[in-house]
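1. sequence first, then the predicted structure, then my questions.
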Amino acid sequence: MADIIIKNGYVLTMDPELGDLKNGVVVIDDGSIVEVAESTEATADTVIDARGGVVMPGFVNTHTHAGMTLFRGYADDLPLASWLQDHIWPAEAELTASDVVAGTNLACLEMIKSGTVAFADMYFFMEEVGTVVESSGLRAALSYGMIELGDAEKGKNELKKGKGFVNEWNGKADGRISAMYGPHAPNTCSKEFLIKVKEQAVADNAKIHIHVLETEAELNQMKEQYGMCSVNMLDSIDFLGPDVLAAHCVWLSDGDMDILANNNVNISHNPVSNMKLASGVAPVTKLLDRGANVCLGTDGCASNNNLDMFDEMKTATLLQKVDTMDPTALPARKVLEMATVSGANALDIKSGMLRKGYNADVIIVDMNRSHLTPLFDVPSQLVYSAGGSDVRTSIVNGKLLMDDHKVLCMDEQKIIDDAKEAASDLVARVDAKN
Ligand SMILES: O=c1[nH]cnc2c1ncn2[C@@H]1O[C@H](CO)[C@@H](O)[C@H]1O
Ligand SMILES: [Zn+2]
């Protein structure tokens, strides 16, 4: 007897070999998908009727700072440098472990409700973040954000903290959690420090999550400091490879794109954040033309201001269309692939596709809604018309986290109340200091 059978739904497998099943079944047992077919002989403890819904792999959000949900709406309509240096960093200086717990719980709740099954996070108090993720039921690749600012002594401490986290958390929660090294960016971490980080990551068999060429200011600073851009500098120290998740990659030359693609670097595109902070437009279409693995992230809630991957997909495609002045750019199915298959590849998890042997990380999207009617093309509808609140059911690692819009793994109201309180106390502390 299997654990769960989902039947009567439109199964969008995202598996190029299997394609879509207009009326199919997905059978789940012991955390994995054991069958995806037109029908099944199997029986299960739980049978979910997905009539009127789309059964699909859940989303992989490849760049966020979950704890930053507490800063949702706190400092908007500002350029990145001032946003970060004058508002976010002073506020983060007051953050406590319990604030990050409250913010990360809120983020996990929001992600579960909007169909995200896995995310890559870079932040502080990561042990606490790990504990929250473990109990939420989600899957995550977590990293402690190391900011060294060219200070060798600070660098030593940061790397020690990063290493401590990697050694303790990589593979935890039945393998749902992986731990990465998180050097913040090439302009906030020195070349010498980045060399050490790479060495340590290789030694620990851990991946690296880093911001790269998010702004023109970073590009100019790097040229001044090193006589070359971030991508060239990282390439010069053999930093780049399939173990690297590079967030943003907005200010790339054609040569930089070749380097990233040839080194199989995973690129997290975060279009909403890039538009909100007016950072620029990442050359996604050109990167994809070069065969690069481009995935999708929301970035933190202070620069988005939500964690909804549906918003991210729609924005990604609209932005490429207007940037290239080509309405055929980044079609719906391709952007869905970025949000599922490519994200799973970037985090090296067997999710992002409904296929036998893959993780049972599955969502059901309710299509029986006014704004989703009529339904001619499922990928188009998901990308251009649907939103996070259309997600009805969420399963991660074979466990039901939300069933028919009811969250089963956490106390929704308590999480909202705790986050409200933590945010207002935090802002009061920041105001008292400044
Ligand atoms: O878009 C961004 N660019 C650069 N830094 C960011 C962005 N969003 C958040 N952070 C900052 O990165 C650190 C993570 O450990 C935090 O300081 C967070 O505020
Ligand atoms: Zn970021």
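-> Cool, the structure landed. Ligands and ions are numbered 1, 2, ... in the order given.
2. where's the residue in the chain positioned nearest to ligand 1, which helix or strand?
-> Across the chain, the shortest distance to ligand 1 (C-beta to the nearest ligand atom) belongs to Gly145, at 2.1 Å. Every C-beta, even on glycine, is put in place using the N, C-alpha and C of the backbone. Assessed by DSSP states H and E, Gly145 sits inside strand 139-146.
3. now that strand: how far from the chain's centre is it?
-> Centroid separation for strand 139-146 versus its chain: 11 Å, with C-alpha atoms, centre = their mean, to the nearest Å.
4. enumerate the residues of the stretch 51-200 of the chain near ligand 1.
-> Within the stretch 51-200 of the chain, the positions near ligand 1 by C-beta under 6 Å from any ligand atom are 65, 84, 88, 92, 122-123, 145, 184.
5. show only the entries of the residues you listed found in helices.
-> Using DSSP state H, the subset of these located in helices is Glu92.
6. lowest pLDDT pick from the residues of the stretch 51-200 of the chain next to ligand 1?
-> Lowest pLDDT of those: Leu84, 88.
7. give me the neighbour count for that one.
-> Counted with other C-beta atoms under 10 Å, the neighbours of Leu84 add up to 19.
8. can you tell me how far it is from Ser230?
-> 17 Å (C-beta to C-beta, to the nearest Å).
9. if the residue of the chain closest to ligand 1 is in a bridge, with which residues?
-> Gly182 (DSSP bridges).
10. who's in contact with it?
-> Contacts here follow C-beta atoms under 8 Å, 6 or more residues apart in numbering; on that basis Gly145 touches 65, 122-124, 182, 184.
11. and of these, the nearest to Ala316?
-> His65 (19.2 Å; C-beta to C-beta).
12. next one: the spatially closest residue to that closest one that is not a sequence neighbour from Ala185, what distance?
-> Among residues not flanking His65 along the chain, Gly300 sits closest, at 3.5 Å (C-beta to C-beta, 6 or more residues apart in numbering). According to C-beta to C-beta, Gly300 and Ala185 sit 14 Å apart.
13. which one's more surrounded, the two?
-> Neighbour totals were compared for Gly300 and Ala185, and Gly300 leads with 27 against 21 (other C-beta under 10 Å).
14. OK, contacts around Ala346?
-> 60, 62, 120, 245, 266, 268, 293, 295.
15. from these, which two are the most distant?
-> By the measure C-beta to C-beta, Ala120 and Asn293 form the most distant pair in the contacts of Ala346, at 13.2 Å.
16. the more surrounded of those two?
-> A count of neighbours by other C-beta under 10 Å puts Ala120 above the other of Ala120 and Asn293, at 28 against 22.
17. contact partners for the more buried one?
-> 61-64, 140-143, 180, 209, 245, 268, 297, 346-347.
18. can you tell me how far Leu149 is from Trp89?
-> Here the criterion is C-beta to C-beta. By it, Leu149 lies 11 Å from Trp89.
19. what of Val294?
-> Relative to Trp89, and taking C-beta to C-beta, Val294 is found at 29 Å.
20. contacts only, for Asn368.
-> Asn368 neighbours (C-beta under 8 Å, 6+ apart): 52-53.
21. also the one 4 residues further on?
-> Leu372 makes contact with 366, 381, 385-386, 390 under the criterion C-beta under 8 Å, 6+ apart.
22. repeat that with 7 Å
-> The contact partners of Leu372, by C-beta atoms under 7 Å, 6 or more residues apart in numbering, come to 381, 385-386, 390.
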